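A.B. asks: sequence first, then the predicted structure, then my questions.
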Amino acid sequence: LIPLTANDGETLAGGLNPALLKIDKRLYVSSEGRPYWDGPGKWLPMEETGYLSEQELQLPYTKKSTLLKERAYSWIKSHPKEVAYLTGRKLLYMWGLYPFWNDATKSLLGNLPLLLLICAALLSLWINRQALSELALFWTLPFFSSAVCLISWGSWRFRMPADLGLIVLAATLLAN
């Protein structure tokens, strides 16, 4: 494994915590007028996870991160159903399936084209199944991106490497 970050406790705790289960789905509008939401599948800052007390929030970052990691692991081990639910929501959010309909722009220009791209890539893999090893660089990108999502949260930004792989796989349909 190659360490990609030093904020492991904050990252893990932000995406897997009991506070996310208490949020059904909160909708907001940014100062620029952009709608956004939070809830299961998203990420909470360390002060909102419920893992740290007010006193502990005053500790140095490395100590807070250690506490967050310990408490998140403890919660993960003792709440497997809740962790599975949050993990599923993260993956569904990252892959454009949850929430499918936020507004017309995001759904019609984001989620729907992504689903069509996924279908085209899967069809391409089926048609080109004899060349799976040659295409491995492209079909493994969605798995890698999904793994990143599992330890953080379901942001579409983490899916960007996978998008490249899906685009190349879909483009191979044209070569057949």
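C.D. replies: On my side now, so go ahead.

A.B. asks: and the next helix or strand past the helix or strand of the chain with the lowest mean pLDDT?
C.D. replies: Using mean pLDDT, DSSP states H and E, the weakest-scoring helix or strand in the chain turns out to be helix 104-106, at a mean of 72. Sequence order places helix 112-127 as the next helix or strand after helix 104-106, per DSSP states H and E.

A.B. asks: list the contacts of that following helix.
C.D. replies: By Cβ atoms under 8 Å, 6 or more residues apart in numbering, the residues outside helix 112-127 that reach it are 95-97, 132, 135, 139, 163, 165-167, 169-170, 172-173, 176. Using the backbone N, CA and C atoms, a C-beta is placed for each residue, glycine as well.

A.B. asks: likewise for stretch 57-73?
C.D. replies: Contact partners of stretch 57-73, identified using Cβ under 8 Å, 6+ apart, comprise 6-10, 12-13, 16-17, 46-47, 49, 51-52, 56.

A.B. asks: of those residues, select the buried ones using a ChimeraX command.
C.D. replies: Buried residues within the contacts of stretch 57-73, by 16 or more other Cβ atoms under 10 Å, are selected in ChimeraX with:
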select :7,8,9,10,12,13,16,17,46,49,51,52
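
A.B. asks: for the contacts of stretch 57-73, which one is nearest residue 88?
C.D. replies: residue 16 (11.9 Å; Cβ to Cβ).

A.B. asks: mind listing what's buried in the lengthiest helix in the chain?
C.D. replies: Longest helix in the chain, counting residues (DSSP state H): helix 61-78. Neighbour-count burial for helix 61-78, counted by 16+ other Cβ under 10 Å, picks out 64-65, 67-69, 71-72, 75-76.

A.B. asks: contacts for the least confident helix or strand of the chain?
C.D. replies: Outside helix 104-106, no residue touches it (Cβ under 8 Å, 6+ apart).

A.B. asks: ok, stretch 154-164 next?
C.D. replies: Outside stretch 154-164, the residues that touch it by Cβ under 8 Å, 6+ apart are 41-43, 89-96, 110, 114, 117, 138, 141-142, 144-146, 148-149, 152.

A.B. asks: let's see 7 Å
C.D. replies: 41, 89-91, 93-94, 141-142, 144-145, 148-149, 152 (Cβ atoms under 7 Å, 6 or more residues apart in numbering).

A.B. asks: what's the end-to-end length of it?
C.D. replies: Taking Cα to Cα, to the nearest Å, the first and last residues of stretch 154-164 lie 17 Å apart.

A.B. asks: and the gap between the residue positioned nearest the centre of the chain and residue 42?
C.D. replies: Nearest residue to the geometric centre of the chain (Cα atoms, centre = their mean): residue 154, 1.8 Å. As judged by Cβ to Cβ, to the nearest Å, residue 154 and residue 42 stand 7 Å apart.
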